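S.K.: Mind folding the following:
(one chain, ligands or ions: 1)
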Amino acid sequence: MSSTPNANLFAALRAAFPHDLDEIAVETDDGLAYSWRDLERASAMIANLLGSLGLKPGARVAVQVEKSVEAMLLYLATLRAGYVFLPLNTAYQRAEMEYFIGNAEPEVVVCTSANLDWVERIAKAAGTRWVFTLDENRTGTLLGHAATCSAEHEIVRKADDDLAAILYTSGTTGRSKGAMLSHRNLRSNAEVLKTYWGWTHGDVLLHALPIFHVHGLFVAIHGALLNGSKMLWFGKFDPKRVIAKLPEATVFMGVPTLYVRMLAEPTLSLAACDNMRLFISGSAPLLIETFNDWQTRTGHTILERYGMSETIMLTSNPYTSVQGARRGGTVGFPLPGVKLRVRAYEDGKPPRDCERDEIGNIEVAGPNVFAGYWRMPEKTKEEFTPDGFFKTGDVGKVDTLGYVTIVGRSKDLIISGGYNVYPAEIEGYINEMPGVAESAVVGVPHPDFGEVGVAVVVGKPGASPDADAIVAELKAKLANFKIPKRCFVVDELPRNQMGKVQKALLRDQHKALFI
Ligand SMILES: Nc1ncnc2c1ncn2[C@@H]1O[C@H](COP(=O)(O)OP(=O)(O)OP(=O)(O)O)[C@@H](O)[C@H]1O
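M.R.: The predicted structure is shown next:
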């Protein structure tokens, strides 16, 4: 027997299960209840099934299914059996799945029975040996097969650097890349989260996020499991039903669009949130208006966090007032263990650290930072500095108190006539104008200036903001090079399932305006 502890993340999660395994661990919105013993037994049985397939260590298990407790069990079983979990967005269609499955070459693919025929064709063409579903189909479900397996399973030993998961990035700025996350990456972040937000065994997490993404899969689930806290599990987000469940919960993790949708419900009130301890937001910028409205309506101050597929969680606003106030518009402080710096890259000069409050490129290092992009060694090399920091691609600043603010993404930066234009600055001005709900500013090619900004604006319900008036008001406030050359008022901005505005799509839609 080796004397080094097992680095398998599942060993840490399992060790935190409550003493009484018959307590309820997960309850679903359609009335199902799973005890901690159920999680232990089912994850062992699925791990045994996976083990019986003759997969090699490091084999990838790709999963594209609707959110369900079974999908989480499959995640736990994959960890436990020492394989690599590869969750895929349920919105992906055939061409996208061809890319992901072709790139990842998973040995096992788990999909919905509705997609089985075409997923199976794609998977078999890529050399996948096993295709299962979680719901009923012609060949029986994965859980059905696992039902005949033993519920005894010894957690497979893993080293710190062994891969635990591959998470494809959202593809907000370009083609998705597979971020390789090791047991150390996931465990180090989970251990910080175990205590940072004051979790206890008595907490109840209302879980309404998808689980193919870093926030819903790792941040939410690890936090609850490591504290033996119960989860109320919503398959799909329904603001009315979520608000009705808040009195039974203590913690809610959301993305900005979920908060906006709940704010539109008259049932959201101080009383509905009386039992709640913490509301967390991340994955995309939370508008200051949403932050303020939430405070007024519920009496709670949303805690905004920041992270990415490649790094899991990087920063969080303070949990306790001793650490500081939660400041809207900022993403708080770097988490313990995370090294975060802001760097300036100026032509012909060596990179330098920015001053406090100076905007630059955010770079990070720490045990949470991924090992590289799957099968993209060149891309991986480009994204790390010679001294080992990962270039997040986000642009931001750190103020004198240490709060980090994300100003935008370097790929969204518009260089117009040689000047840097940060879309977030322009969007901030537009969003404050009367009748405006939100906006996105993107850069498009221009024959004279290289690039110019185009503003896409959404009005508040019942309001119809005027595009020319918006541009005129910006002209009164900002330097000429920052003014968008065109402005469009639309019904809504294109977003992905995590609520991120798809700027690449907007750029594409407007790329031929001036050329
Ligand atoms: N609280 C936040 N405020 C502002 N931006 C955030 C916040 N949390 C996350 N983000 C943004 O989300 C990004 C991480 O998202 P994710 O890893 O899902 O993929 P992506 O970067 O959107 O996709 P791709 O790299 O394929 O374009 C961060 O780099 C940052 O730009």
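
S.K.: now the end-to-end length of stretch 156-170.
M.R.: End-to-end span of stretch 156-170 (C-alpha to C-alpha, to the nearest Å): 30 Å.

S.K.: Per-residue pLDDT of the closest residue to the ligand within the stretch 1-150 of the chain, please?
M.R.: Of all residues in the stretch 1-150 of the chain, residue 89 sits closest to the ligand, at 10.0 Å by C-beta to the nearest ligand atom. Any C-beta I mention is one placed from the backbone N, CA and C, and that applies to glycine too. The model reports residue 89 with a pLDDT of 88.

S.K.: Quick check on it: phi, psi?
M.R.: Torsion angles at residue 89 (phi, psi; degrees, to the nearest 10) stand at phi -60, psi 130.

S.K.: immediately after the helix or strand of the chain with the lowest mean pLDDT, which helix or strand?
M.R.: Ranking every helix and strand in the chain by mean pLDDT, DSSP states H and E puts strand 419-421 at the bottom, with a mean of 84. Note on strand 419-421: by DSSP states H and E, the next helix or strand toward the C-terminus is helix 423-431.

S.K.: contact partners of that following helix?
M.R.: Applying C-beta atoms under 8 Å, 6 or more residues apart in numbering, the contact partners of helix 423-431 are 285, 287, 289, 406-408, 412-414, 436-443, 453, 455, 457, 470, 473-474, 477-478, 482, 484, 503.

S.K.: anything in it near the ligand?
M.R.: No. Using C-beta under 6 Å from any ligand atom, we find that helix 423-431 stays clear of the ligand, coming within 8.9 Å at best.

S.K.: That helix: how far from the chain's middle?
M.R.: Computed by C-alpha atoms, centre = their mean, to the nearest Å, the chain-centroid distance of helix 423-431 equals 23 Å.

S.K.: buried sites along it?
M.R.: 423, 424, 426, 427, 428, 429, 430, 431 (16 or more other C-beta atoms under 10 Å).

S.K.: Run through the residues of the stretch 251-400 of the chain sitting next to the ligand.
M.R.: 282-285, 304, 306-309, 331, 392-394.

S.K.: Grab the two from the residues you listed that are most spread out in space.
M.R.: Farthest apart among these by C-beta to C-beta are 304 and 393. That separation is 19.0 Å.

S.K.: Could you chop this protein up by domain?
M.R.: Taking automatic domain parsing as the reference, the chain has its domains at 9-18+35-188, 327-408, 414-510.

S.K.: how much space is there between residue 112 and residue 47?
M.R.: Counting by C-beta to C-beta, to the nearest Å, the gap from residue 112 to residue 47 is 22 Å.

S.K.: Between those two, point out the one with more neighbours.
M.R.: residue 47 (28 against 15; other C-beta atoms under 10 Å).

S.K.: what are the phi and psi angles of the nearest residue to residue 88 once chain neighbours are set aside?
M.R.: Excluding the flanking residues, the one nearest residue 88 by C-beta to C-beta, 6 or more residues apart in numbering is residue 64, at 4.1 Å. As for residue 64, its main-chain torsions (degrees, to the nearest 10) stand at phi -130, psi 90.

S.K.: Looks to me like residue 13 is in a helix.
M.R.: Yes. Counting by DSSP: H, G, I helix; E, B strand; the rest coil, residue 13 is found in a helix.

S.K.: and it, what pLDDT?
M.R.: 97.

S.K.: do the one 4 residues further on as well
M.R.: Per-residue pLDDT puts residue 17 at 97.

S.K.: Please verify my assumption that it contacts residue 43.
M.R.: No. Residue 17 is beyond contact range of residue 43, at 10.6 Å (criterion: C-beta atoms under 8 Å).

S.K.: Tell me which of those two has more neighbours.
M.R.: Remark: of residue 17 and residue 43, residue 43 carries more neighbours, 27 against 18, as counted by other C-beta under 10 Å.

S.K.: How about the more buried one, nearest residue that isn't a chain neighbour?
M.R.: residue 76 (4.1 Å).

S.K.: same question, residue 373
M.R.: residue 177 is the one closest to residue 373 (C-beta to C-beta, 6+ apart), at 4.5 Å.

S.K.: Would you mind writing the CA trace of whatever helix or strand residue 395 lives in as CSV?
M.R.: Here residue 395, judged by DSSP H and E, is contained in strand 390-398. Extracted C-alpha coordinates of strand 390-398, given in CSV (Å, rounded to 0.1, in the frame of the first residue of the first chain):
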residue,chain,number,x,y,z
PHE,A,390,-2.1,31.9,-17.6
LYS,A,391,-3.3,34.8,-19.7
THR,A,392,-7.0,34.9,-19.0
GLY,A,393,-7.9,37.0,-22.0
ASP,A,394,-9.8,39.3,-19.6
VAL,A,395,-9.0,43.0,-19.2
GLY,A,396,-9.4,44.6,-15.8
LYS,A,397,-7.9,46.4,-12.9
VAL,A,398,-7.2,46.0,-9.2
